[in-house]
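>>> Got a predicted structure here, sequence first:
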Amino acid sequence: MFKTMLVEDNTIFRESLGDSLQLQFPAMEIVETANGPEALERIDSLSPNLIFMDIRLPGQNGLELTEKIKNLYPEIIIIILTNYDLPEYREAAARFKADHFLSKDSMTHQEVNVIVKSILSEKGFKGNGSERNQF
Amino acid sequence: MAVLNMTFTYKNGKPEGAVVVAHDITERKRAEQRIARLTKLYVVLSRVNEMIVRTHDEEVLLREVCHIVAEEGEFPLVWVGQVKGRQVKPGASHGSAADYLKEIKVEVDGDLGTGPTGTCIREDRPVINNDFDTNPSTAPWREQALRYGFRASGAFPMHRQGRVVGALTLYAPNPRAFDTEQVNLLEALCADISYALDAMQQEKLRTDAENTLRQRTLELQQLTETLEMRVQERTEELAAINEELRAENEERLRVEIELRESENHLRQLSTALLSAQERERKLIAQEIHDSMGASLAATKFKVETALKEIGDGHPPTRAALESVIPIIQGIMEEARRIQMSLRPSMLDDLGILATINWFCRQYESIYPSIRIKKEIDVQEHEVPNSLKIVIYRVLQEALNNIAKHSRASVVLLFLRKNSQTMELIIRDSGQGFNLEEAFSRKGTARGLGLDSMRERVELSEGSFSIESRKGAGTVIRATWPLNS
């Protein structure tokens, strides 16, 4: 099963993103965490395939956390979420080894769906998030 | 004694007889001798008086008196005895028989005080010993006196301030050598000597007193001089201290004035900052009200309308709900714009270098006539976190000033460090301004920009400078020490 972790301290945004993903990819397991330490703690047991990472977390910088996770688990795909679609943020996300970049301002369901689908396909999963070999 | 006067008589040339007349001349001879002795004594007295006039030394006087009396008066021994406790000691002596004194002792009373000298001193009167051979009171000295050929002696008291202090004693080879007149003369001699001694002592006392007085006067004079010198020194010291105090006081006054000016300046700055803050808040409140408030109200109205239509069994069109999204998008952009203008979150998310980059890009897009050339020669991690917001605010203020006042076309921005300092330099090619004029403005005319930049830099332990001349652009320089 394709597992997605949401690391975001804003509850409304986190839950609405979670709901939206679950609606679009019913076979996907979605885990929500509100801060960096909790995320790090759960990564090992959960082994997520994808992480949505907010750039600003309480007491921690999402970029640094991204770099740390990518160093430990290079196979996990990480999407950076920011409030600003600015070149500086894109450049920083790439520098800290994030795979994708999404601006909360401008992102649409469609955009999220396109990215997630491409990841699913890249990782050998079906479009709804279930594993191909199940069929 | 007799003198024979013999007269021979002749008759016809032949001695006829002789007439012998015998005269007894003893009396006459004696008178002649007495006169001779008196004459000598007068001479003695006269010479002693001459000597008294000449001499001012007591010892010399007594020695000379003995000498004159012995030589001129033809006495074999003359001495001056001085009372020392019970004993009478020779103070001066003269005469062929002076050795006699080495053999005898004289005292003021007792067995050795019975002689003329002791008696004279004790009873304060002239005492004459007419004959050592027969005078029982001279028994203790008889043998020696006779051996030295003395028969008579006389002792005469000598005084100081009316008190007997000794005696002048003379010895004569003949018994009964001193008669009343001689005694009177010798007594007079002693009175003269006593007077001379007193006078000398008075003179000495006077001289001593004078010397003491002179000495004291000298000492007093020196003391006065020293005192004057001390007073002068002390006065100079006091003057110096006074001068120091005055200078210190002036310095304190100057510092106080500076402090007061600084306080006033700070108060003005604080007031200006408060009102600027208030203005900014008002502006933000208005922006939130005008744009975001209105947009949110519109969104709410549209969603409520859609819900009502659903409730009425007339579902809203897709387009009706989709029209909400750009409104919300607008609200989000507005919120982001306000947030960025308050404090760019990029500074916290990405750091100062990205923020400078973003700010300059924004700036150039707002002011297309101005180009910024950046020379950033530091890494993000080399900039202390506490300085990041200061650097951003100085840059923001400086660039805003340039846009408002300078008419510059190029701005050079340097951010660099060495081992000790971090340096931010913003140099423009604009028209510059008169610094003194700008800083001498008071109150709100002065503007907040320069002061707030300086305050921020100095509060973060940096130093701030600004150079500008009319027509020659402006250079703003902020330097911070780096702790290793």
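Looks like it arrived, so ask away. Here the structure is a predicted model, which is why all the values come from computation and not from measurement.
>>> Model confidence for residue B:435, exactly?
The per-residue pLDDT reported for residue B:435 equals 75.
>>> Tell me where the chain has strands.
You didn't say which chain, so I picked chain A. Residue ranges of the strands in chain A, as given by DSSP state E, are A:3-7, A:29-33, A:50-54, A:56-57, A:60-61, A:77-82, A:100-103.
>>> not what I meant, chain B
Chain-ordered strands for chain B, with DSSP E as the definition, fall at B:2-11, B:14-24, B:77-84, B:87-94, B:127-129, B:152-160, B:163-172, B:371-376, B:410-417, B:421-428, B:463-468, B:474-481.
>>> Of all those strands, which one is nearest residue A:97?
With respect to residue A:97, and counting by C-beta to C-beta, the nearest of the strands of chain B is strand B:371-376 at 23.5 Å. Any C-beta I mention is one placed from the backbone N, CA and C, and that applies to glycine too.
>>> other SSEs contacting that closest one?
Using 3 or more C-beta pairs under 8 Å, 6 or more residues apart in numbering or on different chains; DSSP states H and E as the contact test, the elements touching strand B:371-376 are helix B:352-366, strand B:410-417.
>>> out of the ones you listed, which comes closest to chain A?
Distance to chain A, taken as C-beta to the nearest C-beta, is lowest for helix B:352-366 among the helices and strands packed on strand B:371-376, at 4.1 Å.
>>> Give me the mean pLDDT for the closest one.
94.
>>> before we move on, what about stretch B:45-64?
Along stretch B:45-64, the predicted local confidence has a mean pLDDT of 86.
>>> tell me which residues of it are tucked away?
Neighbour-count burial for stretch B:45-64, with 16 or more other C-beta atoms under 10 Å in any protein chain shown as criterion, is recorded at B:45, B:47, B:48, B:51, B:52, B:55, B:61, B:62, B:63, B:64.
>>> Show me which positions of stretch A:29-46 end up buried.
Taking 16+ other C-beta under 10 Å as the criterion, stretch A:29-46 shows A:30, A:31, A:32, A:33, A:34, A:35, A:36, A:39, A:40, A:43 as buried.
>>> I'd say the second one and residue A:7 touch.
It refers to residue A:31. No. Using C-beta atoms under 8 Å, residue A:31 is not in contact with residue A:7, being 9.6 Å away.
>>> Break down the stretch 151-300 of chain B into its helices, ranges please.
Counting by DSSP state H, counting those that start in this stretch, the segments of the stretch 151-300 of chain B that form helices are B:180-287, B:294-311.
>>> any chance of those in CSV, plus mean neighbour count and distance to chain A?
Formatted as CSV, those follow (neighbours: other C-beta atoms under 10 Å in any protein chain shown; distance: least, C-beta to the nearest C-beta, whole Å):
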stretch, mean neighbour count, distance to chain A
helix B:180-287, 12, 18
helix B:294-311, 13, 15
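>>> now these in CSV, with distance to residue B:424?
Written out in CSV, the entries for the helices of the stretch 151-300 of chain B read as follows (distance: least, C-beta to C-beta, whole Å):
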stretch, distance to residue B:424
helix B:180-287, 21
helix B:294-311, 39
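>>> Just send the ones you listed back as a markdown table, with mean pLDDT too.
Rendered in a markdown table, the data for the helices of the stretch 151-300 of chain B read as follows (pLDDT from 0 to 100):
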| stretch | mean pLDDT |
| --- | --- |
| helix B:180-287 | 87 |
| helix B:294-311 | 88 |
